[in-house]
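Asker: Quick check, what structure comes out for this input:
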Amino acid sequence: MTAPSIHTDLLAYNFNLGGAQFTAPGQKTDTPFQPLSQSFMHELAREGDILSAEVIMDAGGNIDLPDEEGRRPLHEAAWFGRTEMVSFLLGSGALLDAPIHPFGYTALYFAVQRGHTDIVRLLIERGALLSVTDRLNGQGLLHLAALRGDMQMTGLLIAAGIDVFQEDRRGQTARDYAARQNNKSLEGVLLKVMEHHARYGA
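Answerer: Below you'll find the predicted structure:
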């Protein structure tokens with residue numbers, strides 16, 4: 001039995017290889033966005049399916065199409081830890097710091113939140129903004145790392161030059177978060193870094 005071709009597999013997902021709009025099964029195509037509608041690229045990004053993504057791109061499809069909240073395939077790849085897909089999307093022109101509404105989450109925010117160190121390192125190397133915060137509660141990247149008790153992520157962010165004095169809406173720093181989690185080791189590291197920065201600058 002002959003294995004199905006890539007072309008056949010994509011047609012099974014209702015891809016229109018002759019057009020620029022690629023949608024998942026059951027999606028409407030009469031308007032640019034339906035409530036929370038996403039392109040099939042979002043699903044490919046979640047799965048890390050670069051091969052199919054390349055087919056879409058070669059056929060002229062938009063690989064960086066946001067849904068109505070601004071969530072793009074890059075956000076999906078970052079959330080699900082698809083490092084190679086993140087690299088592919090960035091190399092293909094995906095917007096690095098595109099925010100999701102209404103909270104302003106970026107791909108980097110998601111990667112830190114989920115503890116995907118390799119993706120965080122990649123996004124930082126590409127110049128991702130370190131100052132991104134949750135627009136509702138003011139939590140920044142270092143707050144997220146402290147909540148997770150993630151020493152490696154904390155070190156990576158500090159080395160990248162993140163503001164260790166950044167406060168959330170309640171005036172809490174990442175050190176306060178570590179203390180609240182009773183993470184003495186992380187709290188001690190953050191305290192030392194804050195003291196050093198206060199004395200000598202970042």
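Asker: Now the residue nearest the centre of the chain. Nearest residue, chain neighbours left out?
Answerer: The C-alpha lying nearest the average C-alpha coordinate of the chain belongs to Ala107 (Cα atoms, centre = their mean; 2.0 Å). Among residues not flanking Ala107 along the chain, Ala78 sits closest, at 3.9 Å (Cβ to Cβ, 6 or more residues apart in numbering). Bear in mind the C-beta positions are built from the backbone N, C-alpha and C, glycine included.
Asker: Quick one: the helices in the chain, in order.
Answerer: 6-12, 40-47, 50-58, 73-79, 83-91, 107-114, 117-125, 141-148, 151-159, 174-180, 184-200 (DSSP state H).
Asker: What are the contacting residues of the fifth one?
Answerer: In this case it means helix 83-91. 44-45, 48-50, 53-54, 63-64, 73-74, 77-78, 96, 107, 116, 118-119, 122-123, 126 (Cβ atoms under 8 Å, 6 or more residues apart in numbering).
Asker: same thing but 7 Å
Answerer: By Cβ atoms under 7 Å, 6 or more residues apart in numbering, the list of residues contacting helix 83-91 from outside reads 45, 48, 50, 53, 63, 73-74, 77-78, 96, 118-119, 122, 126.
Asker: just how off-centre is that helix within its chain?
Answerer: How far helix 83-91 lies from its chain's middle: 11 Å, per Cα atoms, centre = their mean, to the nearest Å.
Asker: which residues does Ala41 contact?
Answerer: Check again: residue 41 is Met, not Ala. Applying Cβ under 7 Å, 6+ apart, the residues near Met41 are 22, 53, 56, 63, 65, 73.
Asker: most neighbours, which of those?
Answerer: Tallying neighbours with other Cβ atoms under 10 Å puts Pro73 at the head of those, with 32 neighbours.
Asker: Name the nearest residue to that residue, ignoring sequence neighbours.
Answerer: Spatial nearest neighbour of Pro73, chain neighbours left out: Ala45 (3.7 Å); criterion: Cβ to Cβ, 6+ apart.
Asker: give me every residue that touches that neighbour.
Answerer: Ala45 is in contact with 73, 76-77, 82, 85, 89, counting by Cβ under 7 Å, 6+ apart.
Asker: Would you mind putting those residues into TSV with distance to Arg175 alongside?
Answerer: Shown next, in TSV, are those (distance: Cβ to Cβ, whole Å):
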residue	distance to Arg175
Pro73	35
Glu76	32
Ala77	31
Arg82	32
Met85	34
Leu89	34
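Asker: Quick check, pLDDT for the residue nearest to Pro73.
Answerer: At Ala45, the pLDDT value in this model is 98.
Asker: pLDDT wise, what is the closest residue to Leu142 other than its chain neighbours at?
Answerer: Leaving aside its sequence neighbours, Leu142 sits nearest to Ala174 (Cβ to Cβ, 6+ apart; 3.9 Å). If you check Ala174, the pLDDT there is 98.
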